[in-house]
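Enquirer: Mind looking at a prediction? Sequence and model below.
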Amino acid sequence: MQIIDGKLVAKLTREDIAGQVAALPQDECGKAGLAVILVGDDPASQVYVRNKINGCAEVGIESTLIKLPADATQEEVAGKIASLNADPAVNGILLQLPVPKHLDEAALLRMIDPAKDVDGCHYVQKGKLWTGEPELIPCTPYGVMRLLDHYDIPIEGKNAVVVGRSNLVGKPLAQLLLDRNATVTICHSRTKDLGAVTSRADIVCVAIGKAKFLKADMVKEGAVVIDVGMDRDENGKLCGDVDYAEVAPKCSYITPVPGGVGPMTVTMLLQNTVKAYRLQKGLDK
Ligand code: NAP
């Protein structure tokens, strides 16, 4: 069994991204720029936002943090998005989710210029992914694919099962695996006899938000197991959707939590910001 080291792959990928940024042409708008909008003061969101801003500094991307109060109106947030859409120094815009309940999150995400949608949330970016022309890919599934590739894990012709069908993780991950010629099954909360489905899989990816959900009897010997979950166990300790202690001995490869998929998400956001810059400047098609 080999542990997939997300920290290592993230470090190597960030070194590569720093090289990509250094090689970008410098114009009057500077190098690639990311704007992060944080509405309210949710402590977890503050940590995620800090990681994103620090990640930018690490690879040489300019970053701006726009903090809006928890009672900001839809118009205020929308106005901020509109001004960032129009700002040529901003190549990527990220609205930190979740936003406070009184705001229409979906409407705000739709307002982000798709060319600057570095989270890959906009339906234009989703459409491109679905039609085989991916541009700005949702960061977490993108990070999962990078991990599989770093370890040369074969995907073509394999039975891949994705548990979870969220717009941000499960669905795009299934599509990315399909693009790489896996035979993909998507499971969700209404799937019957889920263990029978996962135990036939060569690659099992779990993204459901249920601590230690995937047990050893749901996994076949030698499977690759990717744990996207970020949960708390009965002692409040960070854990994943996979019962790592009992599943790991059966796997050929497995991601730990923490230190697996997590470090890749911000890394691929940085990669998307460089990609957005290149697309906007006509450096990539
Ligand atoms: P989400 O939007 O809440 O979606 C959860 C999905 O899991 C839904 O499709 C749901 O099915 C399915 N599900 C829930 N309970 C299930 C069960 N008992 N059996 C089968 N399917 C079940 O969650 P998400 O945003 O995709 O996030 C999933 C997990 O990944 C969370 O722990 C989150 O914290 C983590 N995450 C981690 C990162 C990272 O950077 N590592 C990034 C994003 C998310 P239905 O559609 O039928 O309701």
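Expert: Structure received.
Enquirer: CA only for contacts and neighbour counts going forward, please
Expert: Fine.
Enquirer: Of all the residues in the stretch 1-150 of the chain, which one is nearest the ligand?
Expert: residue 140 (5.4 Å; CA to the nearest ligand atom).
Enquirer: ok, now which ones touch residue 251?
Expert: Counting by CA atoms under 8 Å, 6 or more residues apart in numbering, residue 251 touches 1-2, 220-225.
Enquirer: how distant is whichever strand or helix holds the residue of the stretch 1-150 of the chain closest to the ligand from the center of its chain?
Expert: Element membership for residue 140, per DSSP states H and E: helix 139-150. Averaged C-alpha coordinates place helix 139-150 at 9 Å from its chain's average position (CA atoms, centre = their mean, to the nearest Å).
Enquirer: How about stretch 204-211?
Expert: For stretch 204-211 - counting by CA atoms, centre = their mean - the centre lies 14 Å from the chain centre.
Enquirer: same deal with stretch 255-268?
Expert: 9 Å.
Enquirer: same question, stretch 158-165
Expert: 16 Å.
Enquirer: what does stretch 156-176 give?
Expert: For stretch 156-176, the distance to the chain centre is 13 Å (CA atoms, centre = their mean).
Enquirer: Can you pull out the residues in contact with that stretch?
Expert: So stretch 156-176 is in contact with 121, 126, 129-130, 137-138, 140-142, 144-145, 177, 180-189, 197-198, 200-208, going by CA under 8 Å, 6+ apart.
Enquirer: Which parts of the helix holding residue 140 count as buried, going by neighbours?
Expert: Buried residues in helix 139-150, counting neighbours by 16 or more other CA atoms under 10 Å, are found at 139-148.
Enquirer: Quick check: mean pLDDT of that helix?
Expert: The average of the pLDDT scores along helix 139-150 is 98.
Enquirer: What is the subsequent helix or strand relative to that helix?
Expert: strand 159-163.
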